[in-house]
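Asks: A structural model of the following input is requested.
(one chain, ligands or ions: 1)
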Amino acid sequence: MAWLPAVRRQWQSSAFRLAIKAANGSYQFSSLSSSLVDPAINNIIFNPQLSISSWKSFNKAGPGLHGLLINNSTRSITTDSKRPFAQVDLSSVTTVNGTPSEIKEKTETESKTVEEGRNSGFPKEVQCLPGLEPTKSGAKARIVVLGTGWAGCSFMKGLDTKIYDVVCISPRNHMVFTPLLASTCVGTLEFRSVAEPVSRIQPALSNSPSSYFLLAECKDIDTDNHEIYCETVGEKALGVHHKWQFKVAYDKLIIASGAEALTFGIHGVMEHATFLREVHHAQEIRRKLLLNLMLSDVPGISEGERKRLLHCVVVGGGPTGVEFSGELSDFIMRDVHERYSHVKDYIHVTLIEANEILSSFDVSLRQYAIKHLTKSGVRLVRGVVKDVQSQKIMLNDGTEVPYGLLVWSTGVGPSPFSRSLKLPTSPGGRIGVDEWLRAPSAEDVYAIGDCCGFLESTSRPTLPALAQVAERQGKYLAGLLNRIGRAGGGRSGDAKDIPMGNPFVYRHMGSMATVGRYKALVDLRQSKEAKGISMAGFVSWLMWRSAYLTSVLSWRNRFYVAVNWATTFVFGRDISRI
Ligand SMILES: Cc1cc2nc3c(=O)[nH]c(=O)nc-3n(C[C@H](O)[C@H](O)[C@H](O)COP(=O)(O)OP(=O)(O)OC[C@H]3O[C@@H](n4cnc5c(N)ncnc54)[C@H](O)[C@@H]3O)c2cc1C
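Replies: Next comes the predicted model:
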């Protein structure tokens, strides 16, 4: 059953009309009624006056429509006969006011426009890249992976490339080992130690004739035709402005495009703050920090300006904000005190958090972190940022905080790309998936990592945006698709009759965070209430280091990390501004 796209029409602002495209290509329109299903004309009516908070099913629907599930919070309606079911996503529908005859006319005209204008953001002449058209019978099935983060890379690592060709599309050609990214900002580790080239993770990308890595961004997905629309990445600094657009056909599509930093719409964050998510962010932070140190060392600079330049403000007291503050304070206490002795008393770190720092850890670990950070010179401020300007931030209580470096780390939310897709969403707005990580309304589409969340209909909670979730989802999905491929279901539409097997189950392995000066927090319990190891201090720090050293993906990078740590221990951090 294919019931997309849907067009919603408002009728005298009291009820909604839906135009549903049925599998035979015809459109069917709802009548003005407050009932949910009108069996006589086989369509759906959504009436906003009805307060429907949970999923309901209606079995007495008209021919072809066996059940109806409505969910107000995710704004979606699902028709459910037997799984896989079709879904109408109300976030992509439009509303028009008017008299009954105007509505009827507009509905009919615009329903056609919706169909013709699908993917209208992309010029019609855009072609599939040669060799990346729909796969022919006898050829290997093609899996397209969007993203080279924890989820996409763990998926590609586990994929059996004897069964599938793999095409990876991402604006970066490496995976970032994010737990160690904060250490690169102050020179504890080199940037290359945390970047793993994707062709090392999946060698088929560079040595198999029909597998490719393409440095591009996916802009849209045509789930009906099993095609994605992409644009290559330009780089203004290198004078590469021109971007090509192209299509790639897929048999299976894996969306692993991650999330984006949350700014809560606070004015000035995008313009003035630096995020800490990519290697180029860490490079920017390091360059800014070293520049400010050198500028403040210039004789004659005013006291106020020197203080401002050397004030490092971190917004967000989650593990990333805390680890970065800890690294900064280490850098200040050891390296700045030794090598920038003129200005050593001016440099400070302030960590601003609206609630509790490290709220996912239990109280005793949190208290340990607060005590340790304070002792290391990090000022902890409870406050809500209201406005960000080029040299100062304003808090809700009217306090002005001048800064030279501002790092923003307040969590993540759905990216504009995943929000733009016409796929149902989970509570919280991520791409909605079922227990097997499928986007159920679109055949052969799966989503993993930070970009996805379980649909409300699965009654499962949204998993935290963590590398360990993303990595295990990637691994699970590779196993699932390898099995489906071996059973002959690799090509588009061929997996319908193959049993899906065990659903994905997540078991939390615990959390760790370093707070600087050879100290860390380790909580190996599955939840705050569960029994298990929970400790802080030097032994935890050794555990933190060993855990991350062993989880670095390649021996090459493991070697780099170990050598960088040893070099920093013996000679101090590298402070050259390259
Ligand atoms: C500094 C930092 C420290 C962290 N520390 C920890 C930790 O200690 N433990 C832990 O469990 N988690 C940690 N995390 C969280 C963890 O890194 C994320 O949960 C994880 O990266 C999610 O993986 P992902 O593959 O879903 O997304 P990402 O790793 O964000 O990867 C997304 C990929 O998709 C690409 N992409 C984006 N848009 C498109 C598009 N339109 N088309 C194609 N490709 C696209 C991106 O370029 C990127 O390659 C940390 C995160 C940060 C930033």
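
Asks: tell me how many other residues crowd the residue nearest to residue 311 when sequence neighbours are not counted.
Replies: Using CB to CB, 6 or more residues apart in numbering and skipping the chain neighbours, the partner closest in space to residue 311 is residue 403 (5.0 Å). All C-beta atoms are positioned from the backbone trio N, CA, C, and that covers glycine. Look at residue 403: counted by other CB atoms under 10 Å, it has 25 neighbours.

Asks: isn't residue 403 up against residue 391?
Replies: Yes: in terms of CB atoms under 8 Å, residue 403 counts as a neighbour of residue 391; the distance is 6.9 Å.

Asks: shared neighbours, those two?
Replies: residue 308 (CB atoms under 8 Å, 6 or more residues apart in numbering).

Asks: pull up the pairing partners for the lengthiest strand in the chain, direction included.
Replies: Using DSSP state E, we find that the single longest strand of the chain is strand 212-222. Paired neighbours of strand 212-222 in the sheet (DSSP bridges): strand 164-170 (parallel), strand 227-232 (antiparallel).

Asks: so where's the chain uncertain?
Replies: Along the chain, the parts satisfying pLDDT under 70 run over 1-124.

Asks: domains in it, by residue range?
Replies: Using automatic domain parsing, the domain parsing of the chain gives 6-116, 141-260+414-486, 269-410+510-571.

Asks: go through these and name the closest to the ligand.
Replies: Nearest to the ligand among the domains of the chain is domain 141-260+414-486; the distance by CB to the nearest ligand atom comes to 1.9 Å.

Asks: need the distance between the two termini of the closest one.
Replies: With CA to CA, to the nearest Å as the measure, domain 141-260+414-486 spans 11 Å from end to end.

Asks: and that domain, how far out from the chain middle?
Replies: 10 Å (CA atoms, centre = their mean, to the nearest Å).

Asks: hang on, the earlier thing: of all the domains of the chain, which lies closest to residue 578?
Replies: For residue 578, the closest of the domains of the chain is domain 269-410+510-571, at 8.5 Å, according to CB to CB.

Asks: the longest strand of the chain close to the ligand?
Replies: Yes: using CB under 6 Å from any ligand atom, strand 212-222 reaches the ligand at 217, 218.

Asks: contact partners of that strand?
Replies: 118-119, 121-122, 129, 132, 146, 167-173, 198-199, 205-206, 227-233, 245-246, 248, 253, 255, 257, 417, 420-421, 442, 445.

Asks: how about it: buried residues?
Replies: Neighbour counts over strand 212-222 (16 or more other CB atoms under 10 Å) mark 212, 213, 214, 216, 217, 218, 220, 221, 222 as buried.

Asks: likewise for stretch 194-213?
Replies: Result for stretch 194-213 [16+ other CB under 10 Å]: buried residues 194-202, 204-205, 208, 210-213.

Asks: highest average neighbour count across the domains of the chain?
Replies: domain 141-260+414-486 (a mean of 21; mean count of other CB atoms under 10 Å).

Asks: quick one: name the residues of the protein near the ligand.
Replies: Residues of the chain lying near the ligand (CB under 6 Å from any ligand atom): 146-152, 169-172, 178-179, 181-182, 217-218, 256-258, 276-277, 320, 417, 449-451, 465-468, 470.

Asks: if you set the cut-off to 5 Å instead, what comes out?
Replies: 146-151, 170-172, 178-179, 181, 217-218, 256-258, 276-277, 320, 417, 449-450, 465-468, 470 (CB under 5 Å from any ligand atom).

Asks: now, those that are in strands?
Replies: Mapping the residues of the chain next to the ligand onto strands (DSSP E) picks out 146, 170, 217, 218.

Asks: settle this for me: residue 145 is touching residue 158, isn't it.
Replies: No: Residue 145 is beyond contact range of residue 158, at 11.6 Å (criterion: CB under 8 Å).

Asks: what about the strands in the stretch 101-250 of the chain?
Replies: 141-146, 164-170, 174-176, 195-197, 212-222, 227-232, 245-249 (DSSP state E, counting those that start in this stretch).

Asks: nearest to residue 396, out of those strands?
Replies: Closest of the strands of the stretch 101-250 of the chain to residue 396 is strand 174-176, at 33.0 Å (criterion: CB to CB).

Asks: name the helices or strands packed onto the closest one?
Replies: Judged by 3 or more CB pairs under 8 Å, 6 or more residues apart in numbering; DSSP states H and E, strand 174-176 is in contact with helix 150-158, strand 195-197, helix 198-201.

Asks: got CSV for these, with distance to residue 524 too?
Replies: Formatted as CSV, the helices and strands packed on strand 174-176 follow (distance: least, CB to CB, whole Å):
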stretch, distance to residue 524
helix 150-158, 20
strand 195-197, 26
helix 198-201, 27
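
Asks: quick check: the gap between residue 416 and residue 141.
Replies: 30 Å (CB to CB, to the nearest Å).

Asks: whoops, residue 326 was the one
Replies: 47 Å.

Asks: for the nearest residue in space to residue 195 that is not next to it in sequence, give me its contacts.
Replies: Closest residue to residue 195 apart from its sequence neighbours, by CB to CB, 6+ apart: residue 174 at 4.3 Å. By CB under 8 Å, 6+ apart, the residues touching residue 174 are 148, 195, 196, 197, 198, 279.

Asks: how close does residue 174 get to residue 160?
Replies: Taking CB to CB, one finds residue 174 at 23 Å from residue 160.

Asks: do residue 193 as well
Replies: Residue 193 is 30 Å from residue 160, by CB to CB.

Asks: residue 574 now?
Replies: From residue 574 over to residue 160 (counting by CB to CB), the distance is 42 Å.

Asks: over to residue 167?
Replies: 15 Å.

Asks: do residue 128 as well
Replies: Applying CB to CB to residue 128 and residue 160 gives a distance of 25 Å.

Asks: before we move on, the earlier item: ok, of the buried residues of stretch 194-213, which one's closest to residue 556?
Replies: residue 200 (7.5 Å).

Asks: start to end distance for stretch 347-362?
Replies: 31 Å.

Asks: and if you look at stretch 415-433?
Replies: 16 Å.

Asks: before we move on, what about stretch 390-402?
Replies: Termini of stretch 390-402 sit 9 Å apart (CA to CA).

Asks: give me the contacts around that stretch.
Replies: Taking CB under 8 Å, 6+ apart as the rule, stretch 390-402 contacts 268, 271-272, 304, 307-308, 311, 313, 315, 350, 352, 381, 383-388, 403, 406.

Asks: and with 10 Å instead?
Replies: 266-269, 271-273, 304-305, 307-309, 311, 313, 315, 350, 352, 354, 381-389, 403-404, 406, 408 (CB atoms under 10 Å, 6 or more residues apart in numbering).

Asks: cool, stretch 228-235 as well?
Replies: 119, 121-123, 126, 128-129, 132, 144, 146, 167, 169-173, 214-222, 240-250, 253, 255.

Asks: how about 6 Å then?
Replies: Stretch 228-235 is contacted from outside by 122, 169, 171, 215-221, 240-241, 243-248, using CB atoms under 6 Å, 6 or more residues apart in numbering.

Asks: just stretch 569-578 next, same as before
Replies: Residues contacting stretch 569-578 (CB under 6 Å, 6+ apart): 186, 187, 188, 290, 335.
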